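Undergrad: need coordinates for the following:
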Amino acid sequence: MVSRNKSAVSGEFDVWGFLLFSHVWTWVWWSIPILQGWHAFRVPGVVFLVVGGIGVTLGGIVMSWQVAGRAGLEDLWRRIIEPSRIPLLWSFVVLVLWPSLALVGAGTATLLGGATQSLSVDPIRTLLADPVGLVSTLLAIFLLGPLHEEIGWRGYWLDRLQLRWGALTSSIVLGVVWAAWHAPLFLMVGYFSSWDFSPEPAWFAFNIVVGSVLYTWVYNNTNRSVLAVILFHFVGNATGQLLDLSSVAQRYQSVATVLLAAGVVVWWGPKALRRDESRPLPDD
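TA: Numbers count the residues shown, from 1 in each chain. Okay, the predicted model is just below:
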């Protein structure tokens, strides 16, 4: 263990100071293409989209250094690059949970609702016929969300929240803040429509808050692995992009996700979510 960086923040700033980057930085940059009416994925709008989006990354890096100095940055880096932190069973969870929930949603829609087209794999077929398109799509999914967001959300902020509250409360707080961070994207021309994905804002926010519980579950059971939640985030986003669910199937998928999150909290109990106290944070 190392001592807390004395030049660092006092009081609650180690928690709320992160929002200066994740929300203030991001929203200032994103407000410009919104006000100008620029398309999210065309120049110059895409420049503001990308630069604004790295606010979460900057928050994770800057606040890790501010709170724990070089040890904090080294700890963050190790948790990003070390696959050995992830137990084999949890590797399986990371890779198959989101596709499984999508299939449960589609299957339930078919069985209970008599849907004839609850799931389409046309997006996958199209991309498999275009290897360059497949690689570029997967790379865009990876870079525009999982990689840069998780360095901040779980790489830094979740630990700070869990030092103050229980894992469930921390998950909900993070989920609400995470959902709010995305809000300007609904006002940005072409962002969601470019992904063939136009969610309802309230439903989108609800799913993020519920999903945040599962992210904490994965994170706390993979030795605080940022790599695990980056991959978990990537598989979730890729599943939503590559498996085209009907609106009814999406609802059933959300129900299945809620039930799983409830099972994590109730059936397995607090131990399923709590942080491993045997692995102290750099400034504990």
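Undergrad: can you name the element that comes right after the host helix or strand of residue 169?
TA: Assigned by DSSP states H and E, residue 169 belongs to helix 167-182. Counting by DSSP H and E, the next helix or strand C-terminal to helix 167-182 is helix 201-220.
Undergrad: what's the mean pLDDT across the very next helix or strand once past that following helix?
TA: Moving toward the C-terminus from helix 201-220, the next helix or strand (DSSP H and E) is helix 226-242. Mean pLDDT, computed over helix 226-242, is 96.
Undergrad: would you mark the buried spots in helix 226-242?
TA: For helix 226-242, burial by neighbour count (16 or more other Cβ atoms under 10 Å) applies to 226-242. For glycine as for every other residue, the C-beta is placed from the backbone atoms N, C-alpha and C.
Undergrad: for the helix holding residue 169, name the packing helices and strands.
TA: helix 158-162, helix 201-220 (3 or more Cβ pairs under 8 Å, 6 or more residues apart in numbering; DSSP states H and E).
Undergrad: so who does residue 63 touch?
TA: With contact taken as Cβ atoms under 8 Å, 6 or more residues apart in numbering, residue 63 is in contact with 14, 17-18, 21, 156-157, 160.
Undergrad: closest to residue 100 among those?
TA: Taking Cβ to Cβ as the measure, residue 100 sits nearest to residue 157 out of the contacts of residue 63, at 27.5 Å.
Undergrad: show me the contacts for the nearest residue to the closest one once chain neighbours are set aside.
TA: For residue 157, ignoring the flanking residues on the chain, the nearest one in space by Cβ to Cβ, 6 or more residues apart in numbering is residue 18 at 5.2 Å. Residue 18 is in contact with 59-60, 63, 152, 156-157, 160, counting by Cβ under 8 Å, 6+ apart.
Undergrad: again, but for residue 37
TA: Contacts of residue 37 by Cβ under 8 Å, 6+ apart are residue 189.
Undergrad: over to residue 24?
TA: Contacts for residue 24 (Cβ under 8 Å, 6+ apart) come out as residue 55.
Undergrad: again with residue 227
TA: So residue 227 contacts 79-83, 85-86 (Cβ under 8 Å, 6+ apart).
Undergrad: who's in contact with the residue nearest to the spatial centre of the chain?
TA: Nearest to the mean C-alpha position of the chain, by Cα atoms, centre = their mean, lies residue 233 at 5.0 Å. By Cβ under 8 Å, 6+ apart, residue 233 lies in contact with 145-146, 149-150, 215.
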